[in-house]
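K.L.:
Sequence unavailable; structure follows:
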């Protein structure tokens, strides 16, 4: 199944995609858009372009597992994206993915403007890889 992951942000939204084999997540794009509705439109267009069959949206729960304002905004984004595309949406816990993305970029010595341009796509890759690991492990138990 082709799956697209979304790391929604107020200024930049990172996208990652995996192919039908579900073996590996790859960065797809970073949408630089502050307008909520335009970001949804651009994300929907990317989902259609990649022929996504499922969209996984990062769900930034608080560390104590409560749902805060940011998570609510991500849920609204996901709901509106589903309305635009008709593609099934899964919310996926994304706590600490941006921190992990920055750590990966530190390891590769990616700095400055280049770092800012890719950190959200790297976070989307981390979200998708986590989701793919879950799918792989739960399918074996079925």
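P.N.:
In hand now; what should we look at? Worth saying up front: this structure is predicted, and the values here are computed from it rather than measured.
K.L.:
for this structure, what are the low-confidence residue spans?
P.N.:
Within the chain, the set of residues satisfying pLDDT under 70 comprises 95-119, 140-142.
K.L.:
One more pass at 80, please.
P.N.:
62-63, 94-120, 139-142 (pLDDT under 80).
K.L.:
all strands of it, in order?
P.N.:
Using DSSP state E, the strands of the chain run over 3-7, 12-18, 25-32, 54-59, 89-93.
K.L.:
Partner strands of the third one and their direction?
P.N.:
In the sheet containing strand 25-32, its partner strands are strand 12-18 (antiparallel), by DSSP bridges.
K.L.:
which residues sit against the partner strand?
P.N.:
By CB atoms under 8 Å, 6 or more residues apart in numbering, the surrounding residues in contact with strand 12-18 are 2-7, 24-33, 39, 42-43, 46, 50, 52, 116, 119-125, 127-128, 132. (C-beta placed from N, C-alpha, C; glycine too.)
K.L.:
Taking those, please make a PyMOL selection of just the buried ones.
P.N.:
Selecting the buried subset of those in PyMOL, with 16 or more other CB atoms under 10 Å as the burial test, is done by:
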select buried, resi 3+4+5+6+7+25+27+28+29+30+31+33+39+42+43+46+50+52+119+120+121+122+123+124+125+127+128+132
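K.L.:
that older thread, can you check which of the strands of the chain gets nearest to residue 71?
P.N.:
Nearest to residue 71, of all those, is strand 54-59, at 5.6 Å by CB to CB.
K.L.:
quick one: that closest one to strand 3-7, angle?
P.N.:
Orientation check (axes from the mean of the first three to the mean of the last three CA atoms, to 10 degrees): strand 54-59 against strand 3-7 gives 20 degrees.
K.L.:
Strand 54-59 - contacts with which helices or strands?
P.N.:
The contact analysis (3 or more CB pairs under 8 Å, 6 or more residues apart in numbering; DSSP states H and E) places strand 54-59 against strand 3-7, helix 69-85, strand 89-93, helix 112-141.
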